[in-house]
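Engineer: starting from these lines, generate the structure:
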Amino acid sequence: MTHRVCPPMRPHNRDPDPFCKRLLGDNSRLSSSGYRRSTLDIENLENRFSEVTRSDTWRELAEAFSRATCIALFGSGGNLAIADHAASDIARLTPKRTLAPASGAAISAHIKDFTYRAWLAKWLEIHLRGQSKESIGKTLLIGFSSSGRNQGILEALKLGIERGAVAALVSGRPPEKSVDNRIMKLCLECRYYHTAETLSLLLIYALIQSAGFRCPSISRTTQDR
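Structural biologist: So this is what the prediction gives:
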């Protein structure tokens with residue numbers, strides 16, 4: 001039987017599917033019942049979270065999030081699911097309006113009509129139609145890219161800035177130096193996809209709380225039902 005480990009991220013232009021089917025480390029051992037115990041490396045997640053939230057870029061992003069009335073989030077692969085989840089909880093826990101590409105029909109049509117690289121920018125352009133400059137100026141775009149080099153995400157962020165929105169890239173690895181200087185770049189310095197994606201979602205909840213809103217506990221939510 002062959003056991004695989006989650007691979008570290010490699011530079012590329014397109015984020016592949018970041019989820020491993022088996023979260024098994026090299027030193028896993030078979031238990032008495034025959035399964036392997038996971039030795040998943042989560043890269044000192046709590047310490048990494050603390051380091052990121054002490055950075056100047058984080059403070060800039062938190063201030064932009066607090067001011068914004070609309071948050072548009074997007075990504076590719078697993079990060080698309082992170083964006084959708086984040087948009088749902090921001091809308092649920094704050095009065096802010098949120099956008100995220102969640103329709104499989106729309107996404108597949110956009111990719112067919114406008115190419116994989118251009119579909120996100122087109123999606124954003126459609127959602128900005130008819131909005132006033134004031135409204136767009138209060139919109140914060142957050143793009144998630146594990147590699148920091150997904151050109152489709154970077155092009156969507158650039159389009160948003162040119163229309164007057166504020167834009168931030170949350171990346172697992174350092175982005176290229178050629179990325180537009182008007183885009184905030186919050187680099188998580190992660191080696192693995194699973195760490196970058198988990199940390200990205202945690203940071204969304206940190207943004208919610210930093211803006212003065214509360215993330216409910218599981219026990220309280222259950223009691224309210």
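Engineer: and the strands in the chain?
Structural biologist: 70-74, 97-99, 139-145, 166-171, 184-187 (DSSP state E).
Engineer: so which residues make contact with the longest one?
Structural biologist: The reference is to strand 139-145. Contact with strand 139-145 is made by 15, 64-65, 67-76, 79, 82-83, 86, 124, 128, 131, 150, 153-154, 156-157, 160-161, 165-172, 175, 197, 200, as judged by C-beta atoms under 8 Å, 6 or more residues apart in numbering. (C-beta placed from N, C-alpha, C; glycine too.)
Engineer: one more: the second one?
Structural biologist: Residues outside strand 97-99 that contact it (C-beta under 8 Å, 6+ apart): 69, 70, 71, 72, 73, 87, 88, 90, 91, 127.
Engineer: so, low pLDDT: which residues of the protein?
Structural biologist: 1-7, 10-38, 220-225 (pLDDT under 70).
Engineer: centroid-nearest residue for it?
Structural biologist: In the chain, the C-alpha nearest the mean C-alpha coordinate belongs to residue 144, at 3.4 Å (C-alpha atoms, centre = their mean).
Engineer: not counting residues beside it along the chain, what's closest to residue 202?
Structural biologist: In space, and not counting its chain neighbours, residue 202 is closest to residue 49: 5.9 Å by C-beta to C-beta, 6 or more residues apart in numbering.
Engineer: quick one: the one you found and residue 108, what's the gap?
Structural biologist: Distance, residue 49 to residue 108, using C-beta to C-beta, to the nearest Å: 35 Å.
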